[in-house]
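Enquirer: Predicted coordinates and the sequence they were generated for:
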Amino acid sequence: MALTLAQKIIKAHLVEGTMEKGQDVAIHIDQTLTQDATGTMAYLALEAMDIPRVKTELSVAYIDHNTLQCGFENPDDHQFIQTVAKKYGIRYSRPGNGICHQVHLERFGKPGKTLVGSDSHTPTGGALGMLAMGAGGMDVAVAMGGGAYHIPMPKMYFVNLHGELPAWSSAKDIALYLLRILSVKGGVGAVIEWGGEGIKNLTVPQRATITNMGAELGATTSIFPSDEVTRAFLKLQGREEDWIPLASDEGAEYDKVIDIDLADVKPLLACPHSPDNVKEAAVLGDIKVSQVCIGSCTNSSLADMLRVAAILKGKTIADGVSLSISPGSRQVLSMLSSCSALQDMIAAGARILECACGPCIGMGFSPRSAGVSVRTFNRNFEGRSGTRDANIYLASPETAAACALTGYITDPNTLGTAPSVKLPDVFTIDDSGVIMPASPEEAKDLVSEKGPNIKPFPKGMPVGDEISAPLTLKVGDNITTDHIMPAGAKILPFRSNVPKLSDFCFTVCDETFPARARENENNFIVGGSNYGQGSSREHAALVPLYLGVRAVIAKSFARIHVANLINAGILPLTFRNADDYDRLDQGDDLTLKGILSGFESGNVTLADRTKGIEIPLVCDLTARQADMLKAGGLLNYTRENAK
Ligand code: MIC
Ligand code: SF4
């Protein structure tokens with residue numbers, strides 16, 4: 001049978017299951033990555049698994065999210081991660097070395113390999129022909145321990161690119177173009193494979209912008225073939241030997257094919273507050289901009305930065321604008337500094353930030369009240385920037401630079417001829433920002449160092465046959481994990497302190513939620529469709545668990561979040577009839593009945609004791625997931641199975 005590219009990689013890594021759409025498949029994982037904001041939890045889970053050393057081909061721990069260090073919390077977390085990495089055989093990418101996805105692409109990704117990362121933008125690696133997926137920290141810990149990664153066998157979508165991009169359009173505009181077609185839930189349950197003659201003109205960093213933003217479509221992952229373009233990129237990185245050719249088979253079948261003529265891709269912006277609220281720059285006009293941020297794992301490659309420098313060269317940014325630029329990695333920053341590009345940016349008025357996530361996760365650089373910020377990032381969820389009433393627009397580096405110069409939302413086409421940028425023939429290769437682990441012999445005597453901010457995991461409770469609880473919170477469609485567990489400079493330092501984090505749970509939607517939840521032993525949450533989209537942070541499950549949330553009932557769930565709920569021991573259920581969502585009100589007293597038999601039959605009944613009605617629910621779980629819930633989550637399940 002002719003296979004798609006993703007099917008080929010899954011087949012080569014299949015540990016358990018059959019490759020039938022929707023069926024649980026267990027995949028062997030070659031590489032893992034973590035970042036610090038999710039890494040502490042992942043490494044606490046790894047330590048709890050009690051294995052001497054990771055079993056993957058390569059595992060890397062990046063420090064890139066929490067680099068503000070306003071107190072002891074962040075540096076203590078860094079120290080914990082560094083000591084764990086040293087002991088367990090994990091490479092440690094120190095703060096300043098760059099954003100995990102950019103550095104992984106440059107230095108470690110390999111065509112044909114599988115990668116799971118405790119960050120939803122791990123699919124960036126698909127630009128190299130990897131099967132790269134975002135996951136919760138506990139799932140990454142299991143993969144480090146040699147365990148398989150479980151996913152429902154995805155559907156296969158194919159995006160067929162034709163022709164060439166217009167001069168001022170870029171890879172970001174392609175990603176936004178697809179988001180406009182498919183929406184933030186259009187990729188759920190699917191792998192998006194990119195191909196067609198149009199890809200031959202897309203470099204690996206451009207491909208990476210596209211695979212990165214597949215996360216915003218809700219896709220399991222996105223992938224490009226490994227071709228001569230891939231080979232050229234790896235050669236520049238001094239790793240041509242990592243290249244292998246990879247493509248889908250002739251005649252491979254896809255569930256959906258989307259044709260895009262690149263000539264139709266104009267400069268686009270995602271308007272507040274969702275990455276799929278996409279409009280053409282040319283039609284937006286006259287919106288005054290107070291801030292522009294260039295960087296993030298979506299758009300911080302050397303080519304992106306050189307284009308920005310060329311646009312800014314010899315000019316000064318508008319008076320009302322504050323411009324930040326964060327290069328994606330130390331390689332990018334040092335290469336910018338060895339030509340005139342960095343100087344051109346500084347002279348134009350840019351504020352150069354360190355090579356880290358920075359403003360993308362609200363670690364500083366919040367916009368002013370009701371400010372308009374144009375960012376080359378991938379998410380513009382309400383409040384994520386740190387300023388609740390700010391309006392965030394997502395755009396390409398070219399459009400962002402144009403906005404910085406004019407002070408208004410601007411179509412870069414109005415700037416005249418697009419600058420052409422030539423990449424250097426030789427790249428600076430310096431891996432000294434990555435600290436190697438100790439040898440197995442030396443590692444025996446090492447212990448991890450935990451600061452006072454690092455608190456243990458909340459304990460999952462075995463799910464029984466009946467649970468009663470009030471409907472403590474009812475929310476709408478497309479609730480993101482940034483709503484459930486906000487981040488930003490004030491909250492992110494507590495990523496290893498669940499009790500403290502619980503003060504902020506759902507406060508974006510309802511400031512009284514944590515106090516209300518604490519009054520009850522058990523709580524239920526009701527959500528709309530695509531509940532839990534966005535980040536992979538398992539804190540969006542662990543913190544509700546700490547606050548007594550026992551089940552979430554929604555119209556539908558995002559893939560990583562539903563896995564995180566189950567890993568935490570929280571029961572995810574969906575409405576059999578979506579209209580029943582309207583029959584429930586916050587404050588209703590509810591009972592879930594027949595849960596254990598529902599694990600087999602797929603049916604659970606929700607009794608609304610306040611209204612005296614019963615609502616049929618769907619319990620769509622694999623046998624492994626049901627066992628995990630019966631055990632009270634992944635950690636208990638792993639412990640029980642180790643006996
Ligand atoms: C994000 O972009 O939302 C993050 C911060 O990188 C998250 C991870 C986290 O919350 O720590 C993600 O994308 O998974
Ligand atoms: Fe970091 Fe932003 Fe990328 Fe998340 S999306 S990994 S916060 S740069």
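Expert: Everything's here; your move. Ligands and ions are numbered 1, 2, ... in the order given.
Enquirer: quick one, phi psi at R180?
Expert: Main-chain torsions, R180, degrees, to the nearest 10: phi -70, psi -30.
Enquirer: and if you look at L617?
Expert: phi -120, psi 160.
Enquirer: Hmm, it is touching N603, no?
Expert: Yes: L617 is in contact with N603 according to Cβ atoms under 8 Å; the separation is 7.3 Å. For the C-beta atoms, the positions are set from N, CA and C on the backbone; glycine is no exception.
Enquirer: and H162, what does it touch?
Expert: G196, E197, G198, D259, I260, D261, L262 (Cβ atoms under 8 Å, 6 or more residues apart in numbering).
Enquirer: Point out the ones among these that are inside strands.
Expert: Judged by DSSP state E, strands contain the following of the contacts of H162: D259, I260, D261.
Enquirer: which parts of this structure sit against ligand 1?
Expert: 37-38, 65, 119-121, 134, 361, 379, 487, 534-537 (Cβ under 6 Å from any ligand atom).
Enquirer: Mind listing the shared neighbours of L617 and N603?
Expert: In contact with both L617 and N603: R576, using Cβ under 8 Å, 6+ apart.
Enquirer: can you give me the helices for the stretch 401-550 of the chain?
Expert: 440-443, 481-484, 498-501, 513-519, 539-546 (DSSP state H, counting those that start in this stretch).
Enquirer: if we can go back for a sec, okay, L617 and N603: which has more neighbours?
Expert: Neighbour count, other Cβ atoms under 10 Å: between L617 and N603, L617 has more, with 25 against 13.
Enquirer: Geometric centre of this structure: which residue is closest?
Expert: Nearest residue to the geometric centre of the chain (Cα atoms, centre = their mean): S120, 1.9 Å.
Enquirer: Tell me the buried residues within the contacts of H162.
Expert: Neighbour-count burial (16 or more other Cβ atoms under 10 Å) applied to those gives G196, G198, I260, L262.
Enquirer: between those residues, which is nearest Q291?
Expert: L262 (30.0 Å; Cβ to Cβ).
Enquirer: what about the closest one, distance to D276?
Expert: 20 Å (Cβ to Cβ, to the nearest Å).
Enquirer: quick one: R624 and V25 touch, right?
Expert: No: in this structure R624 lies outside contact range of V25 using Cβ under 8 Å: 11.4 Å.
Enquirer: So stretch 387-394, near ligand 2 or not?
Expert: No: Stretch 387-394 lies out of reach of ligand 2 by Cβ under 6 Å from any ligand atom, never closer than 10.9 Å.
Enquirer: avg pLDDT for that stretch?
Expert: The pLDDT scores in stretch 387-394 average 97.
Enquirer: hmm, back to that, redo the ones in strands among the contacts of H162 as JSON lines? Include pLDDT and distance to P437.
Expert: As requested, those are arranged in JSON lines below (pLDDT from 0 to 100; distance: Cβ to Cβ, whole Å):
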{"residue": "D259", "pLDDT": "98", "distance to P437": "47"}
{"residue": "I260", "pLDDT": "98", "distance to P437": "43"}
{"residue": "D261", "pLDDT": "98", "distance to P437": "48"}
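Enquirer: For P327, state which of the residues you listed is nearest.
Expert: Using Cβ to Cβ, those come closest to P327 at I260, 29.3 Å.
Enquirer: contacting residues for the closest one?
Expert: With Cβ under 8 Å, 6+ apart, I260 has these contacts: V159, N160, L161, H162, I174, Y177, L178, G198.
Enquirer: which residues touch the residue nearest to V526 when sequence neighbours are not counted?
Expert: Once flanking residues are discounted, V526 sits nearest to K474: 4.6 Å by Cβ to Cβ, 6 or more residues apart in numbering. Residues near K474 by Cβ under 8 Å, 6+ apart: I525, V526, G527, L584, D585, Q586.
Enquirer: Could you do P267 as well?
Expert: 168-170, 173, 280-282, 395-396, 398-399, 411-413.
Enquirer: before we move on, back to that, kindly reformat the buried ones among the contacts of H162 as CSV and extend each row with distance to R375.
Expert: Output for the buried ones among the contacts of H162, formatted as CSV (distance: Cβ to Cβ, whole Å):
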residue, distance to R375
G196, 29
G198, 26
I260, 24
L262, 24
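Enquirer: top helix in the chain by residue count?
Expert: When the chain is parsed with DSSP state H, its longest helix is helix 73-88.
Enquirer: The helix or strand encompassing E47 versus helix 539-546: what angle between them?
Expert: Following DSSP states H and E, one finds E47 within helix 36-49. Between helix 36-49 and helix 539-546, the angle comes out at 60 degrees (axes from the mean of the first three to the mean of the last three Cα atoms, to 10 degrees).
Enquirer: mean confidence score for the strand or helix carrying K235?
Expert: In this assignment (DSSP H and E), K235 forms part of helix 228-236. For helix 228-236, mean pLDDT rounds to 98.
Enquirer: Okay, buried residues for that helix please.
Expert: Neighbour-count burial for helix 228-236 [16+ other Cβ under 10 Å]: V229, T230, R231, F233, L234, L236.
Enquirer: closest to F599 among the residues you listed?
Expert: For these, the nearest to F599 is T230 (43.7 Å; Cβ to Cβ).
Enquirer: Could you tell me how many residues sit around the closest residue to G285 other than its chain neighbours?
Expert: Computed as Cβ to Cβ, 6+ apart, the closest residue to G285 that is not its neighbour in sequence is I409, at 6.7 Å. Using other Cβ under 10 Å, the number of residues around I409 comes to 24.
Enquirer: roughly how far apart are I409 and A395?
Expert: From I409 to A395 the distance is 8 Å (Cβ to Cβ).
Enquirer: any residues in contact with both of the two?
Expert: Counting by Cβ under 8 Å, 6+ apart, the residues touching both I409 and A395 are L269, A281, V374, C403.
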